[in-house]
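Chemist: coords please:
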Amino acid sequence: MTEISQLGEFGLIHRLTETLPVVNASTRKSVGDDAAVLEYPDTEVLVTTDLLLEGVHFDLTYVPLKHLGYKSAIVNFSDIYAMNGTPRQITVSLGISKRFTVEHIEELYAGIRLACEIYGVDLVGGDTTSSRQGLVISISCIGDAPKDQIVYRDGAKDTDLICVSGDLGSAYMGLQLLEREKVASAGQKDFMPNFAGKEYLVERQLKPEARRDIVRELAEAGIKPTAMMDVSDGLSSELLHICRQSHTGCRVYEDRIPIDYQTAVMAEELGMNLVTAAMNGGEDYELLFTVPLHMHDAISKLEGIKVIGHITKEDLGCMLVTRDGAELPIKAQGWNPLADAAQPPENPM
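Modeler: Residues are numbered from 1 along each chain as shown. Modelled structure (predicted):
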């Protein structure tokens, strides 16, 4: 294993980036100068950033570095797709503590580079520094979209349909499974975690995907959402974001929320409320969006998308309609990065 101090900052950057390809015409100059040079003459530029801290956002006890690199890039791509855009470039900045070697950082970069390769994104720069608090990852993503195709959170209108891609709660259940096996492994040298029959949950937590396919599917069908965002902090939180910024209310139906079978089995094993996991779990990186009511037939024909409710007037509030027809206020109980400690939700709303 190679100590990072043997290479130094610029030696490490050169080793990590010397063979980076360039796949986007908007990338005029990549790594190797004081700044990257990008050119976007005909489209609007989208920029997003995410900061991930060891011990807050990830636990290296059970998160492989390659998976962590992949996920770190994907969460940024997802933000660009949630604006109905296309990610083009990323910059990667790392805070590295002394316990990491060059080979460790190469493994992290292998995941980042794999994500870039799959999604057609250029890695064009970044920074490295020492850290006294473990591993710190900051990734910024630049993307683009035609001005008339960008979708914001504030465009939902009364009677619009509320739609979501994929299924919800599985990433949260994957986290619960990993945490359970971590506790079970304490003090055991040859412990083998038991993920049998729940591989999907682990993959959803460790290796999520950005829903580029849904953005393309909507475009091919000629459907532009009126509002959209990705489900990173939990369905309940994201619904409230859209409704607050659009000055609307909503009705979401419990029996329409898409939930995978493995998620349901895991919730039963842990004695957790299944709807709580789906509404508040977070990290699914599915797309939550609204479309006009007259597009119901068109949206219903698309694969991987489900209509879960509708937008209402603001004074009607944001409600979850239970299976027996009761209306319960939706509360934001998803991930809060500024909370002192994560507390489990007390009810499914």
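
Chemist: same question for stretch 155-167, mean pLDDT?
Modeler: In this model, stretch 155-167 has an average pLDDT of 98.

Chemist: mind showing which ranges of the stretch 101-250 of the chain have poor pLDDT?
Modeler: Regions of the stretch 101-250 of the chain meeting the criterion pLDDT under 70 are absent.

Chemist: Show the residue spans covered by the strands in it.
Modeler: 122-130, 136-145, 161-165, 227-230, 248-253 (DSSP state E, counting those that start in this stretch).

Chemist: Please name whichever of the ones you listed is nearest to K66.
Modeler: With CB to CB, the closest approach to K66 among the strands of the stretch 101-250 of the chain belongs to strand 136-145: 13.1 Å. Where C-beta positions appear, they are placed from N, C-alpha and C, glycine not excepted.

Chemist: Parallel or antiparallel, list what pairs with the closest one.
Modeler: On the basis of DSSP bridges, the sheet neighbours of strand 136-145 come out as strand 44-53 (antiparallel), strand 86-96 (antiparallel).

Chemist: Show me how far that strand is from its chain's centre.
Modeler: 13 Å (CA atoms, centre = their mean, to the nearest Å).

Chemist: Residues in contact with that strand: which ones?
Modeler: Residues lying outside strand 136-145 but in contact with it, judged by CB atoms under 8 Å, 6 or more residues apart in numbering, are 26, 38, 40, 43-54, 68, 72-73, 75-77, 79-80, 83-96, 108, 112, 121.

Chemist: can you check stretch 301-318 too?
Modeler: If you take CB under 8 Å, 6+ apart as the criterion, stretch 301-318 is touched by 156-166, 213-214, 217-218, 221, 223, 239-240, 243, 246-253, 256-258, 290, 293, 296, 299-300, 321, 329-330.

Chemist: now those residues: which count as buried?
Modeler: Among these, those buried by neighbour count (16 or more other CB atoms under 10 Å) are 156, 160-166, 214, 217-218, 223, 239-240, 243, 246, 248-253, 257-258, 290, 299, 321, 330.

Chemist: Would you agree S97 is in contact with T129?
Modeler: No. If you go by CB atoms under 8 Å, S97 and T129 don't touch, sitting 10.7 Å apart.

Chemist: For those two, work out which one has more neighbours and name it.
Modeler: With other CB atoms under 10 Å as the criterion, S97 and T129 differ in neighbour count, and S97 comes out ahead with 14 against 10.

Chemist: which residues does the more buried one contact?
Modeler: For S97, counting by CB under 8 Å, 6+ apart, the contacting residues are S130, S131, R132, Q133, G134, L135.

Chemist: same check, this time on E44
Modeler: Neighbours of E44 in contact, by CB under 8 Å, 6+ apart: G85, D144, A145, P146, K147, I150.

Chemist: got the contact list for the helix or strand hosting T290?
Modeler: Counting by DSSP states H and E, the secondary-structure element that holds T290 is strand 287-291. The set of residues that contact strand 287-291 without belonging to it, under CB under 8 Å, 6+ apart, is 81-82, 151, 155-157, 160-165, 211, 214-215, 223, 225-231, 235, 238-239, 242, 299, 311.

Chemist: next SSE after that strand?
Modeler: Downstream of strand 287-291, the next assigned helix or strand under DSSP H and E is helix 296-300.

Chemist: helices and strands around that next one, which ones?
Modeler: Using 3 or more CB pairs under 8 Å, 6 or more residues apart in numbering; DSSP states H and E as the contact definition, the elements that helix 296-300 packs against are strand 161-165, strand 305-313.

Chemist: For those, give me CSV that also has distance to H104.
Modeler: Written out in CSV, the entries for the helices and strands packed on helix 296-300 read as follows (distance: least, CB to CB, whole Å):
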stretch, distance to H104
strand 161-165, 34
strand 305-313, 39
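
Chemist: picking up where we left off before, can you say which two of the contacts of E44 are spatially most distant?
Modeler: Of all pairs drawn from the contacts of E44, the widest gap by CB to CB lies between G85 and K147 and measures 10.9 Å.

Chemist: quick one on the thing from earlier: which one of the contacts of E44 has the most neighbours?
Modeler: When those are compared by neighbour count (other CB under 10 Å), G85 ends up highest, at 25 neighbours.

Chemist: That residue: what's it in contact with?
Modeler: When the contact criterion is CB under 8 Å, 6+ apart, the partners of G85 are E44, L46, G143, D144, A145, Q149, I150.

Chemist: how about the helices in this protein?
Modeler: Assigned by DSSP state H, the helices in the chain fall at 4-17, 65-81, 102-119, 170-185, 199-206, 212-220, 235-246, 261-270, 274-280, 296-300.

Chemist: and the direction of the longest one versus that of helix 65-81, what angle?
Modeler: Spelled out, that is helix 102-119. Computed with axes from the mean of the first three to the mean of the last three CA atoms, to 10 degrees, the direction of helix 102-119 lies at 40 degrees from that of helix 65-81.
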